[in-house]
Each structure stands twice: as structure tokens, then as C-alpha cells.
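Novice: missing the sequence, but the structure's below:
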């Protein structure tokens, strides 16, 4: 094997090493990876997100109730 061939082979091996980076877990791919994750930290994050969703729903319900009250007042007039 000539020196040129050895250098080319070494360059190919290094290129393979660089290309073989750590791949992400398939469960973390997608729009909502936290939905599929498990563990204590993921559970905390899920609970916080769910609490935030509940608060948003409460605000929407309040706004809807206000709209209904306004309509009822208009109907009384």
C-alpha cells in the first residue's frame, strides 16, 4: 500500500468517525417530544404544562361567561 493510499484510507476513516455523531432518541423527534418522555423531570414539565393549559381554559371560560352576560343584558333591554 502506498503512502497516498494510506492517507486516503486514514482520511476516509476520520470522515466516518465525524459522520457517526450521536443521534437523538426517536422518542424526542416530532412536534411534542415531551409527551413521550418518561422520568421525574419530564413528569414535572408535563404537570406544569397541564396546569398552564387549565389556566388558559379558565380564562377562556371567564371570557365566554362575560360574553353570555352581555348578550343576556342586551336581550333584557
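Specialist: In hand now; what should we look at? None of the values given here were measured: they were computed from a predicted structure.

Novice: now the helix or strand encompassing residue 45: how far from the chain's centre is it?
Specialist: Using DSSP states H and E, residue 45 sits within helix 40-76. Between the centre of helix 40-76 and the centre of its chain there are 22 Å (CA atoms, centre = their mean, to the nearest Å).

Novice: ok, now stretch 10-24?
Specialist: For stretch 10-24, the distance to the chain centre is 28 Å (CA atoms, centre = their mean).

Novice: Between the two ends of stretch 30-48, how far is it?
Specialist: 20 Å (CA to CA, to the nearest Å).

Novice: What are the buried residues along that stretch?
Specialist: For stretch 30-48, a neighbour-count test (16 or more other CB atoms under 10 Å) marks nothing as buried. Placement of C-beta: from N, CA and C, glycine included.

Novice: quick one, what contacts residue 75?
Specialist: Residues near residue 75 by CB atoms under 8 Å, 6 or more residues apart in numbering: none.

Novice: Numbering from 425 from now on, please.
Specialist: Will do, 425 is the new start, and the previous item becomes residue 499.

Novice: Can you give me the pLDDT of it?
Specialist: On pLDDT, residue 499 comes in at 80.

Novice: And for residue 458?
Specialist: 66.
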